[in-house]
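# I'd like to go over a predicted model; first the sequence, then the structure.
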Amino acid sequence: MPLRPIDAIFVHPKRRLYVVYYRGELWQLPRMKIDDRSWQNRQPYTDDSKSLYLSIHQAISDPILAQKLRTLNLPVAVRGSTLPRFEAWWEAHGFKWLTEKLTSGESPLAAHQTMPARTTNDQPALPSNSPPIPSNTENQLSSDNNEQKTTLPLETDVFADMLADLADEVLHQKI
């Protein structure tokens with residue numbers, strides 16, 4: 001059993017189904033879709049685990065399921081490996097890899113890899129055929145944007161909370 005049970009997505013190529021490695025247990029999803037509905041209809045995986053391959057796509061796009069399954073953005077070297085080989089890598093290198101990611105300030109969560117990059121440009125994008133904005137209107141747009149920012153409620157970043165929990169768990173674990 002790995003030091004910290006990991007959540008990872010595996011693929012059974014012949015049966016064409018996803019198998020989720022959830023905290024050390026294998027769960028078969030009924031469809032080739034990873035969402036909360038599939039997760040609710042999961043079944044224990046009882047077939048040969050040697051035929052499972054680690055999916056190259058670990059990110060989960062369903063936000064509800066992403067809160068339950070904290071998959072990691074694993075190194076390219078282990079993607080596509082079999083389950084026994086993956087477990088051996090995680091046992092030998094997983095804790096060190098995870099600690100290095102967290103101490104360097106990088107997010108190991110696969111969900112963070114799919115988040116769109118936030119732009120620092122405050123002005124709205126204009127179509128290429130639109131006329132240029134006069135400078136006094138530009139200043140008005142800028143002040144309107146600043147007012148809107150202050151009146152919007154702060155959103156909670158679910159993935160930031162997950163990362164904080166993971167960092168706390170890894171960095172403060174007693175060995």
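Thanks, I have it.
# point to the helix or strand of this structure where mean pLDDT is at its lowest.
Lowest mean confidence among the helices and strands of the chain (mean pLDDT, DSSP states H and E): helix 135-151, at a mean of 46.
# all helices of the chain, in order?
Assignment of helices within the chain using DSSP state H yields the ranges 36-40, 63-68, 83-89, 95-103, 135-151, 158-171.
# and the ones you listed, which one is worst for confidence?
Among those, helix 135-151 carries the lowest mean pLDDT, a mean of 46.
# I figured residue 53 hits residue 11, correct?
Yes. If you go by Cβ atoms under 8 Å, residue 53 and residue 11 touch, sitting 5.4 Å apart. Glycine gets a C-beta too; all of them are placed from N, C-alpha and C.
# for residue 165, see how far away residue 79 is.
Distance, residue 79 to residue 165, by Cβ to Cβ, to the nearest Å: 24 Å.
# swap that for residue 75, please
22 Å.
# which residues are in contact with stretch 20-34?
For stretch 20-34, the surrounding residues in contact (Cβ atoms under 8 Å, 6 or more residues apart in numbering) are 1-2, 5-10, 16-19, 38-39, 41-45, 49, 52, 60-62, 65, 69, 83.
# pull the CA atoms of that stretch into CSV?
What follows is stretch 20-34, C-alpha atoms only, in CSV (Å, rounded to 0.1, in the frame of the first residue of the first chain):
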residue,chain,number,x,y,z
VAL,A,20,-10.5,4.6,-10.8
TYR,A,21,-7.9,3.8,-8.2
TYR,A,22,-9.5,5.5,-5.2
ARG,A,23,-7.5,5.4,-2.0
GLY,A,24,-6.1,2.0,-2.8
GLU,A,25,-9.2,0.4,-4.1
LEU,A,26,-10.2,-0.2,-7.7
TRP,A,27,-13.6,1.0,-8.9
GLN,A,28,-15.0,0.3,-12.4
LEU,A,29,-17.1,3.1,-14.0
PRO,A,30,-20.0,2.0,-16.2
ARG,A,31,-19.3,4.3,-19.1
MET,A,32,-16.3,5.8,-20.8
LYS,A,33,-17.2,9.1,-19.2
ILE,A,34,-15.8,10.4,-16.0
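# okay, buried residues for it please.
20, 21, 22, 26, 27, 28, 29, 34 (16 or more other Cβ atoms under 10 Å).
# what is the third one paired to in the beta sheet?
Here residue 22 sits in beta bridges with residue 7, residue 25, as judged by DSSP bridges.
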